Every structure is written in C-alpha cells, then in structure tokens.
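Colleague: Fold the following, please.
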Amino acid sequence: MEDVILTSYKYLSDGDTVLTGYRVVEKMEDSPVFFADAPPALAATKKLLPEVLTAVNNAKGRDVEAVQLKNNLKEELVGLLTELAAYVTLKCKGDRLMLLSSGFPISGASGTKVEQVIEKLEVDLGAPGQATTTVKRLRGGRAYMHQYTTETPTAETVWHNEAGKNPSHTFSGLKSMEKHWFRVVAVAADGTNIISPIVWRVIQ
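Modeller: Down below sits the predicted model:
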C-alpha cells in the first residue's frame, strides 16, 4: 500500500488546525533538500498562522463577528495546506521519508501504530503570577515539557521551558496582567515529541 497524505487535516478542531499548520511549516523549512522549490503557499501559510491563532482565541468569547473572522481565516489556512499537500504529493511520489518530512499526517501499511495526540490543554490561573498547565497523561509518556511565551507564537518562537515527568505543572513568577501563550510537549515512549494545542491566558 502506497503512503499518501491523509485528508484528516481538513477536519480538525481550530487549535489542531493551527498546530498542524505550524508543524507543516517547521518540517518543510527544516527539509530544504526535499522542498527547496516549495510554492508560495508555504510562506503564505507561515504568515497567516499568527492571525489564525489570534482569531481562534478571540472567537472563544462567542462574538459572532469574531467567530466569522476565525472561520474565514481557518478556511484560508486549510486552502493553503491543501495546496501544499498537492505539491508534497507530486514531489514525493509515495516516498515515505519525504512524506514524513512534510509534517502532514500520512497513511501507511496495515499495522502502522496509531499516533498519540494531545487533544486538550487545561490552563488554570491561581495566585498572582501563577498558572498551571495540565494535559491527559500519555500512554508510555517519558516526560512533559511545559512551555510558555509572552509573544504571539510563530514557527520561530523560543519557548520558556520547564520539564518534568508530571503532565501537570505550575509556573510561578509570571508577569501579572500580561497575555501568555502556553503549550505542553510530551515525549512519547518512542522518543516522538507530541505537541498540545496552544492556549493563552491573561495572568492575574
């Protein structure tokens, strides 16, 4: 059975769609040998992602205009990813290594293990300057890297990182009344890094 890009990326939740976009941009930019001639859709995706992330967060208040803007930007992002998927498919000709290097979800031979995912990240505010990040414990997870940034995340963002073996962690000393973005990177049993959705909070 030939490996192909799965179309599941088109039907993900808002946060997972953004995460997929960041993963595709990062993986394709890190694979210039394979994707040196990537179409303009790659740069357009990279530019659009921070806007989509902001729109997703703003739409959580259920304001109809904010929700519509989020939907429009998400549709544009999925369109760009579809264009990139078509390019990758043509470029890779079924080569599994090249397909994996694109960051897109791919099919495989029967018996291929199901990739673990982090579907939800909880961020709870505590005392002033504190925030607790929590994800569901992964089967066989080796470690959890709890991360935050005070700038809108992009593919180049340098995250502040605090690692441990617990899927829950409390940050202290955060700047009050400032917006922080959080995520958790879990290290699976096979060494794979599994990244949670990104969630922002204004610290008390």
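Colleague: Give me the secondary structure label for Val123.
Modeller: strand (DSSP: H, G, I helix; E, B strand; the rest coil).
Colleague: Tell me the span between the first and last residue of stretch 24-34.
Modeller: Counting by C-alpha to C-alpha, to the nearest Å, you get 13 Å between the two ends of stretch 24-34.
Colleague: And that stretch, what's buried?
Modeller: Val24, Val25, Lys27, Met28, Glu29, Ser31, Phe34 (16 or more other C-beta atoms under 10 Å). From N, CA and C alone the C-beta is placed, and that goes for glycine too.
Colleague: Please apply the same query to stretch 119-138.
Modeller: Buried, per 16+ other C-beta under 10 Å, within stretch 119-138: Leu121, Val123, Gln130, Ala131, Thr133, Thr134, Val135, Leu138.
Colleague: Now, the residues you listed that are in strands?
Modeller: Taking DSSP state E as the definition of strands, those contribute Val123, Ala131, Thr133, Thr134.
Colleague: can you map out the strands along this structure?
Modeller: 122-125, 131-134, 143-149, 160-164, 168-171, 179-187, 193-195, 199-202.
Colleague: Out of these, flag the one nearest Thr54.
Modeller: strand 199-202 (9.0 Å; C-beta to C-beta).
Colleague: ok, back up a step: between all of the buried residues of stretch 24-34, which two are at the greatest distance?
Modeller: Val25 and Phe34 (14.1 Å).
Colleague: coming back round to it: which one of the buried residues of stretch 24-34 is nearest Val52?
Modeller: Distances from Val52 to these, taken by C-beta to C-beta, are shortest for Val25, at 12.1 Å.
Colleague: The closest one and Pro197: what is the separation?
Modeller: 16 Å (C-beta to C-beta, to the nearest Å).
Colleague: What lies in contact with the lowest-mean-pLDDT helix or strand in the chain?
Modeller: Least confident element among the helices and strands of the chain, by mean pLDDT, DSSP states H and E: strand 193-195 (a mean of 84). Residues outside strand 193-195 that contact it (C-beta atoms under 8 Å, 6 or more residues apart in numbering): 19, 23, 115-118, 138, 183-188.
Colleague: if we go to 6 Å?
Modeller: Contacts to strand 193-195, defined as C-beta atoms under 6 Å, 6 or more residues apart in numbering, come from residues Gln116, Ile118, Val185, Ala186, Ala188.
Colleague: In it, which residues are buried?
Modeller: Ile194, Ile195.
Colleague: Adjacent strands (with direction) for that strand?
Modeller: strand 179-187 (antiparallel) (DSSP bridges).
Colleague: tilt between the partner strand and strand 160-164?
Modeller: With axes from the mean of the first three to the mean of the last three C-alpha atoms, to 10 degrees as the basis, strand 179-187 and strand 160-164 are set at 40 degrees to each other.
Colleague: ok and strand 179-187 relative to strand 143-149, angle-wise?
Modeller: 160 degrees.
Colleague: Relative to the whole chain's centre, how far out is strand 179-187?
Modeller: 10 Å (C-alpha atoms, centre = their mean, to the nearest Å).
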